[in-house]
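A.B. asks: Sequence and predicted model, in that order:
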Amino acid sequence: MIVKVNGENLELEKSLNVTDLLIVAKAEQPEYVTVQLNGEFVEHEDFAKIFVNDGDEIEFLYFMGGGQLG
Amino acid sequence: MDNLTNEQLERYSRHIILEQVGGIGQKKILDAKVLIIGTGGLGAPAAMYLAAAGVGHIGLVDYDTVDLSNLQRQIIHQTKDIGKAKIESGRETINEMNPDVQVHTYSEQVTASNIRDIINDQNYDFIIDGTDNFPAKFLINDACVLLKKAYSHAGIIRFQGQTMTYVPDKSPCYRCVFPTMPPKDAVPTCRQAGVLGVMGGVIGTIQATEALKYVLGVGELLTGYLLTYDALTMTFRKIKIPRNKKCAVCSKNPTITELIDYEQPTCSFGA
């Protein structure tokens, strides 16, 4: 099955839950990543319960600081 | 072209010729008030383009002084400014660029107790978050939601950047996307991880663009989207973001109704 992660196709041997997908897709610091599945936010407590399916579009959204002290 | 002087007609002629701006739009820009929190990598280019555009009132918030290591990206400050307060250095650059701009300076760090007063000082129309730390970013978001002010969020690190625009009651806020702050030191700042100097130029200039579009009332703002930029692959992605029905600050039943100061991160990345 193929899912799209941050716009790029990712082939998976089987359906994974979000927790495992974060590892397989090599998300940086997965504990702080916001995840969207087909446009909807997935709550962190649901990461283990929600599985991705063929054709799903997933976005990993990362914290970014930068700029200057204010 | 009421109220525009001959000099202004010439200075802003490339704006005025634009169908979406014209003399009326330029007047809106000259009457606009934009607050820039943090005059660093993001705030410096944003401030300079807004000053060049003729934004009549620009507020600068910063309590830091110019350091040699800032000059690789914070282009509003020059080598001669090392050691000077950033807000003063910023004011001098803007004054030299455009006498139409009045600069208002706030030599302080934004806190729960002063951010309302700073925003209300000139009743700013639009706020640019150019800060580098999450306590400030969450505070600015919550203040803008509670005070019903439009603002631009942005972040840059290494070769990456992100930005989104918030308009009250119309779009998701930063906390819709990131409900809680990462713990201390979990996410590095530019000081800790480095940043290509131009990243602030690209993203800060997008923030300035959003401010001008908001003031002019033209085009489609970056509301309901997170724009991400990867300079290494030269990829821009515009990710659609829904409002979070459980958002602690902008949902119908918010749990955050007052501003509080969040704990400042400490540096353990060998900065």
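C.D. replies: Received the coordinates, thanks. Just so you know, these numbers come straight off a predicted model, no measurement behind them.

A.B. asks: Tell me which residues touch B:Gly197, please.
C.D. replies: B:41, B:72-73 (Cβ atoms under 8 Å, 6 or more residues apart in numbering or on different chains). All C-beta spots, glycine's among them, are computed from the backbone N, C-alpha and C.

A.B. asks: got a winner among the residues you listed for most neighbours?
C.D. replies: In terms of neighbours by other Cβ atoms under 10 Å in any protein chain shown, these top out with B:Gly41 at 31 neighbours.

A.B. asks: Thought B:Ala154 was touching it, still the case?
C.D. replies: No. In this structure, B:Gly41 is not within contact of B:Ala154 by Cβ atoms under 8 Å, at 9.5 Å.

A.B. asks: And the strands in the chain?
C.D. replies: Just so you know, I chose chain A. Here chain A has its strands, by DSSP state E, at A:2-5, A:8-11, A:34-37, A:40-42, A:57-61.

A.B. asks: My question was about chain B, not that one.
C.D. replies: Under DSSP E, chain B gives strands at B:33-37, B:57-61, B:102-106, B:126-129, B:150-157, B:160-166, B:225-230, B:235-240.

A.B. asks: Just want the angle from the first one to strand B:102-106.
C.D. replies: For the pair strand B:33-37 and strand B:102-106, the angle between their directions (axes from the mean of the first three to the mean of the last three Cα atoms, to 10 degrees) equals 40 degrees.

A.B. asks: Direction included, what does strand B:33-37 pair up with?
C.D. replies: Here strand B:33-37 is paired, per DSSP bridges, with strand B:57-61 (parallel), strand B:126-129 (parallel).

A.B. asks: Contacts for it next, please.
C.D. replies: A:70, B:43, B:46-47, B:50, B:55-62, B:110, B:118-119, B:122-131, B:136, B:140, B:211, B:215.

A.B. asks: Then the shortest one?
C.D. replies: For strand B:126-129, the external contacting residues (Cβ under 8 Å, 6+ apart) are A:67, A:70, B:32-38, B:42-43, B:46, B:119, B:136-137, B:140-141, B:144, B:149-154, B:204, B:207-208, B:210-211, B:214-215.

A.B. asks: CA atoms of that strand as CSV?
C.D. replies: These are the backbone C-alpha positions of strand B:126-129, laid out as CSV (Å, rounded to 0.1, in the frame of the first residue of the first chain):
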residue,chain,number,x,y,z
PHE,B,126,-1.4,43.6,12.3
ILE,B,127,1.3,41.9,14.4
ILE,B,128,4.4,40.0,13.1
ASP,B,129,5.8,37.3,15.3
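
A.B. asks: How many residues are close by A:Leu22?
C.D. replies: When neighbours are counted by other Cβ under 10 Å, A:Leu22 comes out with 21.

A.B. asks: Also A:Val35?
C.D. replies: Using other Cβ under 10 Å, A:Val35 has 24 other residues around it.

A.B. asks: ok, what's across the strand from it?
C.D. replies: A:Val42, A:Phe60.

A.B. asks: What's the separation between it and B:Asn95?
C.D. replies: 46 Å (Cβ to Cβ, to the nearest Å).

A.B. asks: ditto for B:Thr111
C.D. replies: Taking Cβ to Cβ, one finds B:Thr111 at 28 Å from B:Asn95.

A.B. asks: ditto for B:Val195
C.D. replies: 28 Å.

A.B. asks: Tell me who's in contact with whichever residue of the stretch 151-271 of chain B sits closest to chain A.
C.D. replies: Closest residue of the stretch 151-271 of chain B to chain A, Cβ to the nearest Cβ: B:Gly155 (2.9 Å). Counting by Cβ under 8 Å, 6+ apart, B:Gly155 touches A:63-67, B:137, B:161-163, B:203.
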